[in-house]
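1. Just need the structure, nothing else, for what follows:
(chains A and B)
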There are 2 protein chains.
Amino acid sequence: METFSSKLLQAAVEEFSRLPGIGKKTALRLVLHLLKQDAAAVSRFSESIERLRREVVYCKQCFNISEKDICEICRSPRRDTTTICVVEDLRDIIAIENTGQYHGLYHILGGVISPIEGVGPNDLHVGALLERIANDSTNLKEIILALSTTMEGDTTNFYLYRKIQPMGVNISVIARGIAIGNEIEYADEVTLGRSILNRTPYENLITK
Amino acid sequence: METFSSKLLQAAVEEFSRLPGIGKKTALRLVLHLLKQDAAAVSRFSESIERLRREVVYCKQCFNISEKDICEICRSPRRDTTTICVVEDLRDIIAIENTGQYHGLYHILGGVISPIEGVGPNDLHVGALLERIANDSTNLKEIILALSTTMEGDTTNFYLYRKIQPMGVNISVIARGIAIGNEIEYADEVTLGRSILNRTPYENLITK
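-> Residues are numbered from 1 along each chain as shown, chains lettered A, B, ... in the order given. Predicted coordinates:
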């Protein structure tokens, strides 16, 4: 996939194949698709990326991406400011927003603590979170930790718990259990064990 | 995947998810990747697409993509102008060029005849091919048909054979047989049968 009769084609394919998970063949397919679209559609495509990169900033409070210093969620008068949900990245916010079950604020850590990959608390937005909680501790009621249910996620949960707990704010962790639609016999033992330990009153199931 | 706190992010994700084979989740992943790059890299990306779409044309002779009226391959003094290889699209040219085994010219049909999908000869660059052959029949020695080895490809081969044969130019078809590196026992019967019928002298194997 190295010979192209057009340098412009080659340049575009190379740019696309720099994207994660996009090989040369896929890049070529995407570029040839764009080539078949009308010029206005292609301009819309390239401008959307250009504008995003130029105009988007990170929210100074929660590190969500934003068009202003403070993001739409942090600014919204309809959000419950007594709760902060701590997540790893932006995609988690999108996923949680789409459930429609959460109306509080967020805080993006930017990852989880991982000694193997050399990621410590100082590489994450942990300091900013602790400062944010300290500055707002009279208003804040709950910090929800919504990190990956992996060893790194658990390490991070424990680290944050130790730091936040002395500030007198409630700390919770999202429920672990059997995914909805799954059969019990196929669940792994650890999850199944946890789901029995953390069983909830039946009424919770029918009223929520 | 419908709620984004940023309209610019939403716009960029929507543009990416219009590309073939790119869903909303992949689009978001690609856009977030670009957002992490420096502004110059993002400009390079978007400009490469914009320029390609604006400056690229199709070669008037072979329908390859080109930066001039006639493409680099058609213009090259080093190509053998006595042979035309007929292919379905640009990707086939790239694949054949990468073999380093062909030095003639090309002609892109733009597809194959497919009654089921409503594609007839008039939807393809067949007329232009026949005209090209007629105008150059004293110089031309061979037309190589390098179309898909499918029913549609065979239909198209037959159609072209009937049209070109009266013009007194040799017509050949790329060899069908066992792919190199494959074991005989796993080859399908039709291919294996064809590979026996079209067997070649052993010397061909060691001298090429």
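2. The nearest residue to A:Val87 once chain neighbours are set aside: neighbouring residues, count only.
-> Take A:Val87 and drop its neighbours on the chain: the residue closest to it by Cβ to Cβ, 6 or more residues apart in numbering or on different chains is A:Ala146, 5.2 Å away. For the C-beta atoms, the positions are set from N, CA and C on the backbone; glycine is no exception. Neighbour count of A:Ala146, defined by other Cβ atoms under 10 Å in any protein chain shown: 20.
3. Next: A:Glu185.
-> Residues near A:Glu185, counting by other Cβ under 10 Å, number 6.
4. And for A:Ile49?
-> Tallying neighbours of A:Ile49 according to other Cβ under 10 Å, which is how burial is gauged here, yields 23.
5. show me the contacts for the residue of chain A found nearest chain B.
-> Ranking the residues of chain A by distance to chain B (Cβ to the nearest Cβ) places A:Ser46 first, at 3.7 Å. A:Ser46 sits next to B:Phe45, B:Ser46, B:Glu47, B:Ile49, B:Glu50 when contact means Cβ atoms under 8 Å, 6 or more residues apart in numbering or on different chains.
6. one more time with 7 Å, if that's ok
-> When contacts are counted by Cβ atoms under 7 Å, 6 or more residues apart in numbering or on different chains, A:Ser46 is found next to B:Ser46, B:Ile49, B:Glu50.
7. where's it, which helix or strand?
-> Secondary structure assignment for A:Ser46, by DSSP states H and E: helix A:39-55.
8. In three-state terms, how would A:Ser172 be classified?
-> strand (DSSP: H, G, I helix; E, B strand; the rest coil).
9. Test of understanding: give the bridge partners of it.
-> When bridges are called by DSSP bridges, A:Ser172 pairs up with A:Ile144.
10. wait, it sits on A:Asn157?
-> No: using Cβ atoms under 7 Å, A:Ser172 is not in contact with A:Asn157; the gap is 10.3 Å.
11. returning to that earlier point: could you find the closest non-adjacent residue to the residue of chain A closest to chain B?
-> B:Ser46 (3.7 Å).
12. on that earlier part again, out of A:Ser172 and A:Asn157, which sits in the busier spot?
-> A:Asn157 (21 against 12).
13. what residues go with each domain of chain A?
-> The record's domain split for chain A, according to automatic domain parsing, is A:7-55, A:71-174.
14. Which of the contacts of A:Ser46 sits closest to B:Pro166?
-> When the contacts of A:Ser46 are compared for distance to B:Pro166 (Cβ to Cβ), B:Ile49 wins out at 44.4 Å.
15. Sketch out the low-pLDDT regions of chain A for me.
-> Across chain A, the stretches falling below the confidence threshold (pLDDT under 70) are A:1-3, A:202, A:205-208.
16. Let me see the ranges of the strands in it.
-> With DSSP state E, the ranges of strands along chain A come out as A:57-58, A:65-66, A:80-87, A:104-108, A:142-145, A:170-173.
17. what does the second one rub up against?
-> Strand A:65-66 is contacted from outside by A:Val56, A:Val57, A:Tyr58, A:Cys59, A:Glu72, A:Leu90, B:Ser5, B:Ser6, B:Leu9, B:Leu35, using Cβ under 7 Å, 6+ apart.
18. Emit the PyMOL select command for whichever of these are buried.
-> To isolate the buried members of those in PyMOL, using 16 or more other Cβ atoms under 10 Å in any protein chain shown:
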select buried, (chain A and resi 58+59+72+90) or (chain B and resi 5+6+9+35)
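19. Helices of chain A, residue ranges please.
-> In order along the chain, chain A carries the following helices (DSSP state H): A:7-16, A:24-36, A:39-55, A:72-75, A:90-99, A:126-135, A:151-164, A:189-197, A:202-207.
20. Packed most tightly, which of the ones you listed would that be?
-> Ranked by average neighbour count under the criterion mean count of other Cβ atoms under 10 Å in any protein chain shown, the helices of chain A are headed by helix A:7-16 at a mean of 20.
21. Quick one: list the elements packing against it.
-> helix A:24-36, helix B:39-55 (3 or more Cβ pairs under 7 Å, 6 or more residues apart in numbering or on different chains; DSSP states H and E).
22. For A:Glu14, state which of the contacts of A:Ser46 is nearest.
-> B:Ile49 (11.5 Å).
23. just checking, the closest one touches A:Ala12?
-> Yes: assessed by Cβ under 7 Å, B:Ile49 is found in contact with A:Ala12 at 5.4 Å.
24. Put together JSON lines for the strands of chain A, with distance to B:Gly110 on each row.
-> Putting these into JSON lines (distance: least, Cβ to Cβ, whole Å) gives the following:
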{"stretch": "strand A:57-58", "distance to B:Gly110": "45"}
{"stretch": "strand A:65-66", "distance to B:Gly110": "42"}
{"stretch": "strand A:80-87", "distance to B:Gly110": "48"}
{"stretch": "strand A:104-108", "distance to B:Gly110": "48"}
{"stretch": "strand A:142-145", "distance to B:Gly110": "56"}
{"stretch": "strand A:170-173", "distance to B:Gly110": "58"}
